[in-house]
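Asker: please find the sequence and the predicted model below.
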Amino acid sequence: MLKITSIALLALYLFFTCSEVDSKALRGKGHGRIYSRAARSGVFARQLRGMDAGCPDADAALEEHNTLRAQHGAPALEWDDKLATEARDWANKMAADGQMEHSSEDQRPGEGENLAFQWVGLPELEQTVAEDSDKMWMDEEPLYSEDNPYEALHYTQMVWKDTKKFGIGCAKAGDMMYVAARYSPIGNMMGDFGKNVQ
C-alpha cells in the first residue's frame, strides 16, 4: 500500500510541476527533454540553468547581475539559453586549451563577453564560481570613469543599460574553473558609456 501511495504522490507531483509542457515536447518534437519548456519557466528553472551552464550557481549569477543593474538604473537581464550554451562551449574550449582568452567578435556577433578563471581545489569553491566571477567583475566599479572606462570593462558590461540578455557557462580543468558570460546586445560601445553606465 505504501508503494502505491508513493507512486501516486510522485505522479501528482510530476503532473503539477510539468503541466506547462507543450504538446510538441510530448510528441518528441520539442527540445528532446519532456520537461524542457516547463522547467525553464517553472519549478526546475534554477537547477536546469546550473546543469546546462556547467555552473551550479548560474541563477545566482543572474540575480547578482540584476541586483547590481537595479542599483545603476538598468533594467533586469533575462536568461538566454542560446547565450548560456555559447558561454559554456567557450568555457569548455578554454578549459581544454588550459588558457583564458576572449573569443573573436566573429565567433560572437553582437554579443559581449566577460571571462574569469579560478582555482577550485576545494569542492565547495565549485558551488559559487559564477557568483565569485561576478564579484571580481564588480570590484572594477571604483576604477570606472566615463573619460577612461578601459580598466572597468567587465563591470561596465554588467551594468550596460542597452544589454537585455545574459547567459553564463563554466568548465573545469584540473583544479581550475573557467567562466564565460555572454551578453546581448553587446555593451562597451565607444561614445555610449555616458548613457549606458550610471
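Answerer: Okay, I see it.

Asker: from here on, just use CA atoms for contacts and neighbour counts.
Answerer: OK.

Asker: buried residues, whichever strand or helix holds residue 84. List them.
Answerer: Using DSSP states H and E, residue 84 sits in helix 81-97. For helix 81-97, the neighbour count (16 or more other C-alpha atoms under 10 Å) marks 81, 83-95 as buried.

Asker: what is it packed up against?
Answerer: Contact analysis of helix 81-97 by 3 or more C-alpha pairs under 8 Å, 6 or more residues apart in numbering; DSSP states H and E lists helix 45-53, strand 165-173, strand 176-184 as its packing neighbours.

Asker: all the helices of this structure, residue numbers only.
Answerer: Using DSSP state H, the helices of the chain run over 2-17, 23-26, 36-41, 45-53, 58-71, 81-97, 123-126, 129-138, 153-159, 193-196.

Asker: still on that earlier bit, tilt between the helix holding residue 84 and strand 176-184?
Answerer: Angle, helix 81-97 to strand 176-184, by axes from the mean of the first three to the mean of the last three C-alpha atoms, to 10 degrees: 150 degrees.

Asker: alpha carbons of helix 81-97, as PDB, please.
Answerer: Taking Å, rounded to 0.1, in the frame of the first residue of the first chain, the C-alpha atoms of helix 81-97 are listed here in PDB:
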ATOM      1  CA  ASP A  81      19.700  29.600 -23.300                       C
ATOM      2  CA  LYS A  82      21.500  30.300 -26.500                       C
ATOM      3  CA  LEU A  83      23.900  32.700 -24.800                       C
ATOM      4  CA  ALA A  84      24.400  30.200 -22.000                       C
ATOM      5  CA  THR A  85      25.200  27.400 -24.400                       C
ATOM      6  CA  GLU A  86      27.700  29.600 -26.300                       C
ATOM      7  CA  ALA A  87      29.300  30.600 -23.000                       C
ATOM      8  CA  ARG A  88      29.500  27.000 -21.800                       C
ATOM      9  CA  ASP A  89      31.000  26.000 -25.100                       C
ATOM     10  CA  TRP A  90      33.600  28.700 -24.900                       C
ATOM     11  CA  ALA A  91      34.400  27.800 -21.200                       C
ATOM     12  CA  ASN A  92      34.900  24.200 -22.400                       C
ATOM     13  CA  LYS A  93      37.300  25.400 -25.100                       C
ATOM     14  CA  MET A  94      39.300  27.500 -22.600                       C
ATOM     15  CA  ALA A  95      39.400  24.500 -20.200                       C
ATOM     16  CA  ALA A  96      40.600  22.200 -22.900                       C
ATOM     17  CA  ASP A  97      43.300  24.700 -24.000                       C
END
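
Asker: isn't residue 70 right up against residue 77?
Answerer: No - Residue 70 is not in contact with residue 77 according to C-alpha atoms under 8 Å; the separation is 10.1 Å.
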